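Novice: what follows is a predicted protein model with its sequence.
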Amino acid sequence: MQVIDFIHQLKLQDIPEAIQREGIRSLLDTLGAAIIGRNTKLSHIVNEYVVATYGGKGAFLWLDGREVSLPAAAFANGMTADAMGIYGGHPLARGTAGATLLATLLATLPPDVTGQELLASWIMGLEVAFRAGIALNKRDSARSHTACTWNAIGSAAIASRLLSLSVSQTKHALGIAEYSAPVAPITRTVAYPTMLRTGAGWAAMEGVTAALLAKQGFIGASALNVETKEVAAIWEDIGKHWQLSKYYYKPYTVCRWMQASLDAILAVREDFKEDFKSIKSIKVYSFAVATKEMTMDFPQNIEEAQFSLKFGVAAMLVYGELGKTTTFEAAFKSELVAHLYNCVQPIEEQKFTGIYPHQRLARVLIETETGMTYDSGDIEEKWAATEPPTDEEVKEKFRALTKDELSENRSRDLGEMVWNCASLPEVSSLLQLINQP
């Protein structure tokens, strides 16, 4: 199937049941991340910005209710969904796509379409985005790109489908989106963490804008990550082989490079019987980028904390979880976390580097003043594609992320509606639950 045909002609019944199920799981997971992100300073800033600067009609700000233009909603909601970074992605694309694609989907989705169309569009967007990411990594393997660079193509694909672009217009939309997509090296956002994060909102805004321009006749260049011979093999089995089968999930609100290290510290925590103050060293062995790129000073805010391996390990050891803004706020003020932070020594383990990015492992070795040693052994990150979470774990994660942000009834209704979205005769009620304050 050609890429443009896949974008416009894919029906839910064309998608294997296992992939439909993964689509629902990933949709619920990303929505949970978006809801917890709404309570961040980042989200409040971008919402006020787009209302003051863009305005317009046609789409809404999530859990806010104010109406703005499609590109404005895509930008603000994309940044909100990415704010806490606790949603999944693809190991070979080396990044996430959910925040960008969810913002695009809900901005351009007509309220009278069926839940089957919602789910098919979501799965289609993920397939296109992940392949674009794999293609970019092949074409430009010397650099590590933030996901926004290739997310824009998936965003343009969803917008082109839902805005009913022609074949020719869709081709131009993909090209416009790729050409104007943010070029953001991931090593920079890791070394200097800020509210820029992965640039998910910019990618969503670029994708939606590209589709709107193409629909008006704006002409774009060819999308190199889709159309060149160099990447043809990546696209030739689209609609037959599903990249969504490799989807991974994130249990913690930190960069994925750190996930295995946090799993390793939790493994040690279960057996640790001494006072944490007795710890004199915490050696963290992991792959190169995890141990060499995330070495900034003690973080002062959530954006910095999500990319600090030393802080993540220290806070996880003290609190046993890293998924709530309140946990981060407490950790920033904790003298014990500060002490443990200074004990952490990130060390590259060559055998872990050798299997990255196909597998991401870590090992933690703790030594105490009493002479005791605690060793986690080699630990693979939780919820990798090889051992994904169960359906109940995905649902429980959604409940945990939303319980402090939504009423119990609203959280339950929204979760059930997404889980059963394929049976919705229209999505208006779902959009209302997401958009209203």
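Specialist: Right, received. Where do you want to start? Numbering: from 1, shown residues only.
Novice: how's the chain carved up into domains?
Specialist: 3-250+389-435, 256-380 (automatic domain parsing).
Novice: need the winner for burial among those domains.
Specialist: Most buried of the domains of the chain by mean neighbour count (mean count of other C-beta atoms under 10 Å) is domain 3-250+389-435; its value is a mean of 21. Just so you know, the C-beta spots here come from the backbone N, C-alpha and C atoms, and that holds for glycine as well.
Novice: between the two ends of that domain, how far is it?
Specialist: Using C-alpha to C-alpha, to the nearest Å, one end of domain 3-250+389-435 lies 32 Å from the other.
Novice: which of the three states applies to the residue of the chain most remote from its centre?
Specialist: Computed with C-alpha atoms, centre = their mean, the residue of the chain farthest from its C-alpha average is residue 370, at 41.6 Å. Look at residue 370: counting by DSSP: H, G, I helix; E, B strand; the rest coil, its state is coil.
Novice: which residue is the nearest non-sequential neighbour of it?
Specialist: Nearest residue to residue 370, sequence neighbours excluded (C-beta to C-beta, 6 or more residues apart in numbering): residue 278, at 6.0 Å.
Novice: ok, now residue 358?
Specialist: Nearest to residue 358 is residue 91, by C-beta to C-beta, 6+ apart, at 6.5 Å.
Novice: got a list of what the residue nearest to residue 370 touches?
Specialist: 368, 369, 370 (C-beta atoms under 8 Å, 6 or more residues apart in numbering).
Novice: and after the longest helix along the chain, which helix or strand comes next?
Specialist: Criterion DSSP state H: the longest helix present in the chain is helix 115-139. Next helix or strand after helix 115-139 toward the C-terminus (DSSP states H and E): helix 148-162.
Novice: quick check: mean pLDDT of that next one?
Specialist: The predicted model assigns helix 148-162 a mean pLDDT of 96.
Novice: got the angle for that helix vs helix 115-139?
Specialist: In terms of direction (axes from the mean of the first three to the mean of the last three C-alpha atoms, to 10 degrees), helix 148-162 departs from helix 115-139 by 150 degrees.
Novice: tell me which element the spatially closest residue to residue 288 that is not a sequence neighbour falls in.
Specialist: Spatial nearest neighbour of residue 288, excluding adjacent residues (C-beta to C-beta, 6+ apart): residue 353 at 4.5 Å. If you go by DSSP H and E, residue 353 is part of helix 350-355.
Novice: re earlier: ok, the residue nearest to residue 370 to residue 92 distance?
Specialist: The spacing between residue 278 and residue 92, counted by C-beta to C-beta, to the nearest Å, is 42 Å.
Novice: residue 54 now?
Specialist: Distance from residue 54 to residue 92, by C-beta to C-beta: 35 Å.
Novice: swap in residue 86?
Specialist: Residue 86 is 21 Å from residue 92, by C-beta to C-beta.
Novice: same question, residue 45
Specialist: Distance from residue 45 to residue 92, by C-beta to C-beta: 33 Å.
Novice: quick check: angle from the helix or strand harbouring residue 27 to helix 115-139?
Specialist: According to DSSP H and E, residue 27 maps onto helix 17-37. On the basis of the same axes, to 10 degrees, helix 17-37 is oriented at 90 degrees to helix 115-139.
Novice: show me what helix 17-37 is packed against.
Specialist: Applying 3 or more C-beta pairs under 8 Å, 6 or more residues apart in numbering; DSSP states H and E, one finds that helix 17-37 contacts helix 70-82, helix 98-108, helix 115-139, helix 391-402, helix 408-419.
Novice: nearest to residue 163, of the ones you listed?
Specialist: For residue 163, the closest of the helices and strands packed on helix 17-37 is helix 98-108, at 5.8 Å, according to C-beta to C-beta.
Novice: the closest one to helix 17-37, inter-axis angle?
Specialist: Using the same axes, to 10 degrees, the direction of helix 98-108 lies 90 degrees away from that of helix 17-37.
Novice: extract the CA atoms of helix 98-108 and return them as PDB.
Specialist: Provided in PDB are the C-alpha atoms of helix 98-108 (Å, rounded to 0.1, in the frame of the first residue of the first chain):
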ATOM      1  CA  GLY A  98       1.800  10.600  21.300                       C
ATOM      2  CA  ALA A  99       1.800  14.200  22.500                       C
ATOM      3  CA  THR A 100       2.100  15.600  19.000                       C
ATOM      4  CA  LEU A 101      -0.400  13.200  17.500                       C
ATOM      5  CA  LEU A 102      -3.000  13.400  20.300                       C
ATOM      6  CA  ALA A 103      -3.000  17.200  20.000                       C
ATOM      7  CA  THR A 104      -3.400  17.000  16.200                       C
ATOM      8  CA  LEU A 105      -6.100  14.300  16.400                       C
ATOM      9  CA  LEU A 106      -8.300  16.200  18.800                       C
ATOM     10  CA  ALA A 107      -7.800  19.500  17.200                       C
ATOM     11  CA  THR A 108      -8.900  18.300  13.700                       C
END
